[in-house]
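Peer 1: Pasting the sequence and the predicted model now:
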Amino acid sequence: MNSRTLFYLFLASFFLGFSFIIQRFALRTGADFFSISLYMALVASILSIPLFLMNASVHRLTLTDWRDLILVGILAGGITILLQLYALTLTSTVSLGLSQAFVAIFTAWFGYLFLKERLPKAFAIVFGVMVIGMFLVSTNGQFFIPNFGDILVVISGGIVGFTNVYVKRLNERVSIQLIIAGRVLFGTLFLLLAAILWNQWAFPFEAFEWIVLLGFFVFLSSFFILKSIETAGATLSSTFLMLAPVITAFFSMVWFNEWLSVEQAVGVLIILIGGFYISRRM
């Protein structure tokens, strides 16, 4: 692994893990999760437009390419952002950071379904154990229905896992730069359409600086994650991106006092080990 690839992987992990922290700061201002999602995406789009227009291959896109770019944008740049910010209003920052572990296992599953990739032999067992780990994190080891926000965390991990597989196929025809820009731009267009339908345009000035910062982090995390996949492959990228939940958990404890009980710490460890195992066997 060359130094450039290592550079991409560490930056991808940092920007992804720290973006969850910034989301928490934005929500603590009292701003609505949808408004934060919309205007954060607009900031990221401003950064993405030059990347999109400067790419010469944009003129050679087929209708199928446009369809796939739009789908990736809606799922990964629109719906996932909404789900994660809404989940953060219901659960802890640590729990949201663990979505990356579930991305690894869902990437393996969808790769098996759509790309006929081999699944690890212990896939079903590891997935079941990871669900138990999420139950421990969500309920603190008590026997009651898990937090709905934690269920959304798992769902968002599934959506990102699906789009990772979709990106693998799309990257055979479309450059990674266009996929990066399209993910942000079409995700933003989806959120704008939702704002029109819901008539929700109010700008949350109280969270202005956090929204701008979050827009930068969302664009940079998307950029370095997809560049990592391009240069290192999905397997190695998934393994290194397991650093993101660790970064999120550390700063959550320092700044938000989200300390884990023994049961929750065991749950986090189970999820991280499960995600690492699957990503290394993909």
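Peer 2: Thanks, I have it.

Peer 1: Helices of this protein, start to end?
Peer 2: Counting by DSSP state H, one finds helices in the chain at the ranges 3-28, 33-53, 63-72, 80-88, 93-97, 99-115, 123-139, 148-170, 176-198, 208-240, 243-256, 262-281.

Peer 1: quick check, distance from the fifth one to the centre of its chain.
Peer 2: Right, the one you point to is helix 93-97. Put simply, helix 93-97 sits 11 Å off its chain's centre (Cα atoms, centre = their mean, to the nearest Å).

Peer 1: And stretch 43-62, by the same measure?
Peer 2: Its chain's C-alpha centre and that of stretch 43-62 lie 21 Å apart, by Cα atoms, centre = their mean.

Peer 1: What average pLDDT does it get?
Peer 2: Confidence for stretch 43-62, expressed as mean pLDDT, is 82.

Peer 1: What residues sit buried inside it?
Peer 2: Burial within stretch 43-62, assessed by neighbour count using 16 or more other Cβ atoms under 10 Å, is assigned to Val43, Ala44, Ser45, Leu47, Ser48, Leu51, Phe52, Asn55, Val58, Leu61. The C-beta positions use only the backbone N, C-alpha and C, and glycine is treated the same way.

Peer 1: Tabulate those residues (CSV), appending distance to Ile155.
Peer 2: Shown next, in CSV, are those (distance: Cβ to Cβ, whole Å):
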residue, distance to Ile155
Val43, 25
Ala44, 22
Ser45, 24
Leu47, 27
Ser48, 25
Leu51, 29
Phe52, 29
Asn55, 32
Val58, 32
Leu61, 30
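
Peer 1: and which of those is nearest to Ser228?
Peer 2: Leu51 (16.3 Å; Cβ to Cβ).

Peer 1: For that closest one, give me its contacts.
Peer 2: By Cβ atoms under 8 Å, 6 or more residues apart in numbering, the contact list for Leu51 reads Gln177, Ile180, Ala181.

Peer 1: ok, it to Gln177 distance?
Peer 2: For Leu51, the distance to Gln177 equals 6 Å [Cβ to Cβ, to the nearest Å].

Peer 1: Repeat that for Phe240.
Peer 2: Per Cβ to Cβ, Phe240 is found 21 Å from Gln177.

Peer 1: Equivalent analysis for Glu258, please.
Peer 2: In terms of Cβ to Cβ, Glu258 sits 36 Å off from Gln177.

Peer 1: can you check Gln200 too?
Peer 2: As judged by Cβ to Cβ, Gln200 and Gln177 stand 32 Å apart.
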